[in-house]
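In: requesting a structural model of the entry that follows:
(one chain, ligands or ions: 1)
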Amino acid sequence: MKIKADLHNHPSGNFKKVVETCRKNLGVGGTLGYVNYADMDLYSKFLKGRDRDIRDFGNGFYSFKDYVTILRGQEIPVICSDGKMGEIVVFGLENNLECHLSLKETLRISLENGGINYIPHPFLSDSIGEELKMDLDLLEYFDALEIYNSQAGLFDGLGFLDVNQKAQRFYELVGRDYMIGGISSTDRGGIGKSYSLIDGLDLGCMDSVKESLKESLSRHKDCFEDEQVALRGKALMHVGKVIACDNIGAKIPGVNGLLKKFELVH
Ligand SMILES: [Zn+2]
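Out: Residues are numbered from 1 along each chain as shown. A predicted model of the protein is given here:
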């Protein structure tokens, strides 16, 4: 069964509100990444308000009441080789990693601890896209590349940033063989406005959830094939192997960017 995964999100609201919104907007089996920013641990505070109907894995939990999975994540500021700041997102860890280490050191520590490494908005400011362009071998450390970010999408079509289009072109250049293109809503309160369709997770134990997520991500390396695209008012629904964008926050320029991308593929 395919599930909706909105991995890069910084939800606002208490436990009940977030879990219920997750169920409402992502449906049964929906998976949300609850991403801490830097060394803040909003996830722990959020979890204090939990109800009894969850199975807590330490690095995420499953709600028996709403049939959704929430994964703990952290968006980590890192230092790139030119001394500028960048960011990566890591899932699957129970504790925050240290911030402001070098990109390579952070990746190494994350992998040593079993983290799933995700590249957020690679061409927004303070991101690692330019670093990756210079050193493509770094991509081997990652499981997913975000090719659509609804906050970044607000800039798309303005001509001078076009950050999502850049991410999609970069993905097309480097990503197909070993990386999915992820889509995330990222905005607070935007749970499920955009998401990736991935295979359902195996909730037998958390290690297998991590493996399951990794496997599910890697299975979608050919995600730009077999798309069907339909426009519904402002929302773009991409009913394909992986990418679905039903993003009312996308604004028309972002949607046009995605459509252009699909035209290129066809
Ligand atoms: Zn973020």
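
In: which residue is the nearest non-sequential neighbour of Ile191?
Out: Across the structure, with CB to CB, 6 or more residues apart in numbering as the measure, the residue nearest Ile191 apart from its sequence neighbours is Thr21 (4.8 Å). Every C-beta, even on glycine, is put in place using the N, C-alpha and C of the backbone.

In: my guess is that neighbour contacts Lys193. True?
Out: No: under the criterion of CB atoms under 8 Å, Thr21 lies out of contact with Lys193, with a separation of 10.6 Å.

In: now for these two: what residues contact both?
Out: Overlap between the neighbourhoods of Thr21 and Lys193 is empty, taking contacts as CB atoms under 8 Å, 6 or more residues apart in numbering.

In: over to Asp51: give its phi and psi.
Out: The phi and psi torsions at Asp51 (degrees, to the nearest 10) take the values phi -100, psi -180.

In: can you list the buried residues in stretch 6-18?
Out: Residues of stretch 6-18 classed as buried: 6-11, 15, 18 (neighbour count, 16 or more other CB atoms under 10 Å).

In: let's see which of the residues you listed end up in helices.
Out: Taking DSSP state H, the ones among the buried residues of stretch 6-18 that sit in helices are 15, 18.

In: need the buried residues of stretch 6-18 in TSV (columns: distance to Leu124 and pLDDT).
Out: Supplementary listing: these in TSV, determined by distance: CB to CB, whole Å; pLDDT from 0 to 100:
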residue	distance to Leu124	pLDDT
Asp6	18	85
Leu7	16	85
His8	12	87
Asn9	16	89
His10	14	89
Pro11	20	88
Phe15	29	95
Val18	24	94
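
In: and the buried residues of stretch 6-18, which is closest to Ser127?
Out: His8 (12.2 Å; CB to CB).

In: related to what we said a few turns ago, gap between the residue nearest to Ile191 and Asp126?
Out: 28 Å (CB to CB, to the nearest Å).

In: one more: Leu93?
Out: When CB to CB is the yardstick, Leu93 and Asp126 sit 21 Å from each other.

In: settle it for me: which of those two has more neighbours?
Out: For Leu93 and Asp126, the more surrounded residue by other CB atoms under 10 Å is Leu93, and the numbers stand at 20 against 12.
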